[in-house]
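Chemist: let's see this in three dimensions:
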Amino acid sequence: MKKSTLAIGIIAVLGIGYVGTSWYTGNVIENNFDNYIAEITKNFNNSQEMFNVVITHNQPEKGLFSTKMHMNVMLTSLDDGSSVKLYDDNITIHHGPFPVAALSKGTFLPQMAWVEFEPTEQTSPEVWKIAGNKPFYKGHLGITYGEFLTLQLVSSAINLSSDVIPAIPSGNSLAFSSGEITVKGNSDLSDLQVNTKLDDLDVTISDSNGKNNIKIDGWNLSLQQGENHQDFLYEFKVDDVKLTAFNSIPLLKIHNITQKGTLNFLEMQQDITASIDKIEVDPRPLTMGQIANFSISDLQFKQKTQIDDKERVNGSLLLKVGSSTYGKQNLGDLTFDFSVKNLSKEFDRNRYSTAIGSEITVNEISLHNEAGVAKISGLFKAADEVDEEDLDINNILNWDTVKGQLEIPFSVIALVKTQIESPNDEKISQNKVDMNRMQVATMAKMAFADNPMFKVDDNGISSNISIIKDQEYKLNGKTFTKEELEALTSQ
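Modeler: Purely as a prediction, here's the structure:
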């Protein structure tokens, strides 16, 4: 009996303590709510130069465990002064430290306040109708005692067509599933994290040939502020993209897109990696079967870019394709690897003056198949100064340094040519490959026989160039004077 009495007493004390804490939190909210709103509004308006947000509310009605009020949120364009009403309805502020509304959402950390909101028809009758006579979204805002904010918006599934919005042309539609946006960060907008999720998006556009449709499944995007508050780390994922045309003829499918990286807008830097499991293109229905289906698999992409204070670009780009398939034929794997230094943003491929002081490196362009490897590499380095403004950028003698290597075996080209000619054959005929090899060799010898930049023999086409202005002029192992090389290249 004594133990029961003690337990009841402890529970009663805890209950009274919680009620007192909730009551105290309610007073804190009531006394400081305007300050919180003013601080958040100020930080948002100072963080960008496109909009101003204005938040107003009526006198709060404070209860023991919650506070209710009517809130109005307006967004005004700084460009033309036009305004949009984002919210004009009631909100409920649940008092901490452990609001039941927060616990029901799986949030177990102490919260000073938990704000729930859901617009009614009053906020926007047009949006209410478009959403199917229900709220377009609902959300909550959690505020910890350390003033860390968690905002989550959950949108309703929407299907827009001419039946809902007469301005949409007949046969066109836009449909998307319920989506989520979650924003976390401090009240001064530091340590921001943004996550968005959309299960599917479906767009249909009709024309005289029928309906064209694009469908995107499994959209996820996350952004996070870096430790130095200048970098933004992001990750983007899409499960599938499907494009159909002319009444459900499948043309394009993209599977499992992933991309992540770091962006720094102040320092003008980006570091990106991306991958795609598979891209499938099927033109057969549009070409009466004359062009086979094509696909590339295991696509890997990396890019680094920095723009310095002189607006010159430094960076690299690497693209790899694990395999490429045409019909039943595996054409091989591909690599594109480039880098640039001090490249002007105004670079013009027809004007040498825009390349002054820059360096362009082709680390590798290659195709690898069962017959071998065809590859190209090279370096183009421009002088730091130039006497004339409009020198021909295509003249290799204008560059400070030019180095290049090229190796293209006829066997590699002949195999690809045969595969493209016979995309649906289970096995490629070696006789066809040999005939194509002879044909390719004959055409190459005719095209490059008198060109000193290339060597053509029975195995393939090759080139080895090394030019260092006023120091070295070599073509395919032979040394020339500048005047001799200039005479050769001008032929």
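Chemist: which parts of the helix or strand in which residue 212 is found are buried?
Modeler: Assigned by DSSP states H and E, residue 212 belongs to strand 210-225. Under the neighbour-count criterion of 16 or more other CB atoms under 10 Å, strand 210-225 has 211-213, 215-216, 219-225 buried. (C-beta placed from N, C-alpha, C; glycine too.)
Chemist: which non-adjacent residue is nearest residue 54?
Modeler: Of all residues not flanking residue 54 in the chain, residue 74 sits nearest, at 4.8 Å (CB to CB, 6 or more residues apart in numbering).
Chemist: how about the one you found, what does it touch?
Modeler: Residue 74 makes contact with 53-55, 83-86 under the criterion CB atoms under 8 Å, 6 or more residues apart in numbering.
Chemist: how does it look with 10 Å?
Modeler: Going by CB atoms under 10 Å, 6 or more residues apart in numbering, residue 74 touches 51-56, 83-88.
Chemist: pick the one among those residues closest to residue 337.
Modeler: Using CB to CB, residue 51 comes nearest to residue 337 of the contacts of residue 74, at 42.1 Å.
Chemist: ok, that closest one - contacts?
Modeler: Residue 51 neighbours (CB under 10 Å, 6+ apart): 44-45, 74-79, 83-84.
Chemist: do the same with residue 45
Modeler: 51-54, 76, 78.
Chemist: residue 434: which element?
Modeler: Counting by DSSP H and E, residue 434 is found in helix 430-448.
Chemist: got it, and residue 128?
Modeler: Residue 128 is located in helix 125-130, with elements delineated by DSSP H and E.
Chemist: which strands and helices sit next to the next helix or strand after that helix?
Modeler: Downstream of helix 125-130, the next assigned helix or strand under DSSP H and E is strand 137-143. Counting contacts by 3 or more CB pairs under 10 Å, 6 or more residues apart in numbering; DSSP states H and E, strand 137-143 packs against helix 2-47, strand 83-95, helix 100-103, strand 113-117, strand 148-155, strand 179-186.
Chemist: helix/strand/coil for the nearest residue to residue 56 once chain neighbours are set aside?
Modeler: With CB to CB, 6+ apart as the criterion, residue 56 has its nearest non-adjacent residue at 4.9 Å, and that residue is residue 72. Per DSSP: H, G, I helix; E, B strand; the rest coil, the local secondary structure of residue 72 is strand.
Chemist: model confidence for the residue nearest to residue 184 when sequence neighbours are not counted, exactly?
Modeler: Distance criterion CB to CB, 6+ apart; nearest residue to residue 184, sequence neighbours excluded, is residue 193 at 4.4 Å. You'll see residue 193 listed with a pLDDT of 90.
Chemist: quick one: residue 193 from residue 90, how far?
Modeler: Distance, residue 193 to residue 90, using CB to CB, to the nearest Å: 28 Å.
Chemist: ok, these two, which is more surrounded?
Modeler: For the pair residue 193 and residue 90, the greater number of neighbours falls to residue 90 (18 against 14), based on other CB atoms under 10 Å.
Chemist: show me the contacts for the more buried one.
Modeler: Residue 90 neighbours (CB under 10 Å, 6+ apart): 57-58, 61, 68-71, 116-120, 122.
Chemist: any idea how far residue 378 lies from residue 484?
Modeler: Residue 378 sits 22 Å away from residue 484, going by CB to CB.
Chemist: repeat that for residue 314.
Modeler: 36 Å.
Chemist: number of residues surrounding the residue nearest to residue 56?
Modeler: 15.
Chemist: now do the one 10 residues further on
Modeler: Burial of residue 82 is recorded as 8 neighbouring residues (other CB under 10 Å).
Chemist: identify the bridge partners of the residue lying closest to it once chain neighbours are set aside.
Modeler: Excluding the flanking residues, the one nearest residue 82 by CB to CB, 6+ apart is residue 76, at 7.2 Å. Residue 76 has the following beta-bridge partners by DSSP bridges: residue 52, residue 83.
Chemist: measure residue 76 to residue 42 for me?
Modeler: 15 Å.
Chemist: hang on, the earlier thing: how many neighbouring residues does the residue nearest to residue 82 have?
Modeler: 15.
Chemist: could you do the one 5 residues further on as well?
Modeler: Look at residue 81: counted by other CB under 10 Å, it has 8 neighbours.
Chemist: how about the one 5 residues further on?
Modeler: Residues lying near residue 86 (other CB under 10 Å) number 14.
Chemist: from residue 156, how far off is it?
Modeler: Taking CB to CB, one finds residue 86 at 16 Å from residue 156.
Chemist: kindly report the same for residue 318.
Modeler: Plainly put, residue 318 is 42 Å away from residue 156 if you go by CB to CB.
Chemist: cool, and residue 331?
Modeler: Residue 331 is 46 Å from residue 156, by CB to CB.
Chemist: more neighbours: the two, which one.
Modeler: Using other CB under 10 Å, the more surrounded residue of residue 331 and residue 156 is residue 331, with 21 against 16.
Chemist: would the more buried one count as being in a strand?
Modeler: Yes - assessed by three-state DSSP, residue 331 belongs to a strand.
Chemist: and it, what does it touch?
Modeler: Shown in contact with residue 331 (CB under 10 Å, 6+ apart): 294, 296, 321, 323-325, 367, 369-370, 415-416, 419-420, 423.
Chemist: do that again at 6 Å, thanks
Modeler: 324, 416, 419 (CB atoms under 6 Å, 6 or more residues apart in numbering).
Chemist: ok, what's across the strand from the closest residue to residue 365 other than its chain neighbours?
Modeler: Among residues not flanking residue 365 along the chain, residue 376 sits closest, at 4.5 Å (CB to CB, 6+ apart). According to DSSP bridges, the residues that bridge with residue 376 are residue 365, residue 406.
Chemist: same deal with residue 198?
Modeler: residue 179, residue 219.
Chemist: ok, back up a step: following the strand holding residue 212, which helix or strand shows up next?
Modeler: strand 231-245.
Chemist: tell me the helix or strand right after that following strand.
Modeler: Taking DSSP H and E, what comes next after strand 231-245 is strand 249-264.
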